[in-house]
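Engineer: Next come a sequence and a model predicted from it.
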Amino acid sequence: LLPGCELTASTKSYTFQVDEEDDSDHILALSVVCLSDGAKDECNVVEVVGRNHENQEIAVPVANLKLSCQPLLSLDNFKLQPPVTFRLAAGSGPVHLSGWHRIMHKEDASFEVDDDLSDEDEEELPPIMPAKK
């Protein structure tokens, strides 16, 4: 679980990363972004900074919050692959982010194919007969 983080004027970014030697698959999901106590009525833009398929850094805005019109945004478990940085691109916050982190171990994701089934074991169906008139 990711307990959450808070972005403010003094702490404008938070990076979530995993151990590079860990060969497990990690999924980070962002659930809710909301303004916290003490927020001003200004636009607070939160962006996610990650890497694309060419390993180039990209930043994508995911929330634009304003106390008077949209203080909270549900992102419905927006899934990201670590490492990822959350950055307060505009505004002074405080903005609280919450979500969850799931670790899928390689051995847990594997499954065994049941080789006991073969064509010989299939039940033979009776032939289809023409309808009687």
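Structural biologist: Happy to help now that I have it.
Engineer: hey, where'd the helices end up in this structure?
Structural biologist: Using DSSP state H, the helices of the chain run over residues 106-109.
Engineer: Which helix or strand in it has the lowest average pLDDT?
Structural biologist: helix 106-109 (a mean of 58; mean pLDDT, DSSP states H and E).
Engineer: Can you verify my assumption that residue 91 contacts residue 44?
Structural biologist: Yes: using CB atoms under 8 Å, residue 91 is in contact with residue 44, at 3.2 Å. (C-beta placed from N, C-alpha, C; glycine too.)
Engineer: so where is the protein shaky, pLDDT-wise?
Structural biologist: 1-3, 22, 106-133 (pLDDT under 70).
Engineer: middle-most residue in it, spatially?
Structural biologist: residue 79 (1.7 Å; CA atoms, centre = their mean).
Engineer: mind checking how far stretch 26-46 is from the chain centre?
Structural biologist: Relative to its chain's centre, stretch 26-46 lies at 15 Å (CA atoms, centre = their mean, to the nearest Å).
Engineer: Please save the CA atoms from it in CSV.
Structural biologist: Provided in CSV are the C-alpha atoms of stretch 26-46 (Å, rounded to 0.1, in the frame of the first residue of the first chain):
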residue,chain,number,x,y,z
HIS,A,26,5.5,-3.5,-9.6
ILE,A,27,2.3,-1.6,-10.2
LEU,A,28,1.6,1.8,-8.6
ALA,A,29,-2.0,3.0,-8.9
LEU,A,30,-3.0,6.6,-8.1
SER,A,31,-6.5,6.7,-6.7
VAL,A,32,-7.3,10.2,-5.3
VAL,A,33,-5.7,13.6,-5.6
CYS,A,34,-7.1,16.3,-3.3
LEU,A,35,-6.4,19.7,-1.8
SER,A,36,-5.6,19.5,1.9
ASP,A,37,-6.2,22.0,4.8
GLY,A,38,-4.6,25.3,4.1
ALA,A,39,-4.9,25.3,0.4
LYS,A,40,-5.5,28.6,-1.4
ASP,A,41,-8.1,29.2,-4.1
GLU,A,42,-5.6,28.8,-6.9
CYS,A,43,-5.0,26.3,-9.7
ASN,A,44,-2.9,23.4,-8.4
VAL,A,45,-1.6,21.3,-11.3
VAL,A,46,-0.2,17.9,-10.5
